[in-house]
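Participant: any chance you can model this:
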Amino acid sequence: MLITLGVLHDLLSHLGSDDKITREGGPDAVVNLLCGVVTGIASLRERNASEGWGLPFDEVPIEGKIDRRTLQLNVRGYCTALRPRSGSVELSLLIETMNGQPGGANKFSGKDVIAAAAVALRNRVGSLSKDQASVEVLLSALRASCTWRLSRSEWLSQLKSILEA
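Facilitator: As a prediction, the model looks like this:
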């Protein structure tokens, strides 16, 4: 929803540096860049669900695994942090899954994209401090923005009409 409604685009434009965002090709290009950062994680989440691996995604913050200058995800480091808790999945299989063909389009975890955005806003597309661009701060801002945007959406207007009929 944060991508489809354009809320992430607006948040990046508001919190980021105009010059840095322009150098990246604009807010839409930055959103695509962030989705690219987490594509491998989306694939891993999908395979984890289908295989029942039980990987503890919520226990391993990805912000510490993304280089704030290049926005490259340290795939090996991320998989290594996930693996000790799972035990039954080989590290090479996790890495292969993350580096393989991506899962379905737009199946990204919003929290993963926000974590990538938090890192990007600290250097690549902004100059915020870690406290100003934490996942928690950004999620709070996005919830408020999504609520406002959704309340004015055509989709909600149509849904209200259907429910009232």
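Participant: ok, residue 95 to residue 2 distance?
Facilitator: Distance, residue 95 to residue 2, using Cβ to Cβ, to the nearest Å: 28 Å. C-beta coordinates here come from the backbone N, C-alpha and C atoms, glycine included.
Participant: the two: who's more crowded?
Facilitator: A direct count of neighbours by other Cβ atoms under 10 Å for residue 95 and residue 2 places residue 2 higher, at 23 against 18.
Participant: how about the strands in this structure?
Facilitator: Per DSSP state E, the chain carries no strands over any range.
Participant: pull out the buried positions in the longest helix seen in the chain.
Facilitator: Identified as the longest helix of the chain according to DSSP state H is helix 27-51. Using 16 or more other Cβ atoms under 10 Å as the test for burial, helix 27-51 gives 27, 30-31, 33-35, 37-45, 47-48.
Participant: my read: residue 8 touches residue 14, true?
Facilitator: No. Taking Cβ atoms under 8 Å as the definition, residue 8 is not a contact partner of residue 14, at 10.6 Å.
Participant: between these two, which one's more packed in?
Facilitator: Between residue 8 and residue 14, counted using other Cβ under 10 Å, the more crowded position is residue 8 (26 against 10).
Participant: setting aside sequence neighbours, what's the nearest residue to that one?
Facilitator: residue 2 (4.6 Å; Cβ to Cβ, 6 or more residues apart in numbering).
Participant: now do the contacts for that neighbour.
Facilitator: 8, 110, 113, 114, 142, 146 (Cβ atoms under 8 Å, 6 or more residues apart in numbering).
Participant: out of those residues, which end up buried?
Facilitator: Counted by 16+ other Cβ under 10 Å, these give 8, 113, 114, 142, 146 as buried.
Participant: now do the same for residue 6: its pLDDT.
Facilitator: For residue 6, the pLDDT comes out at 84.
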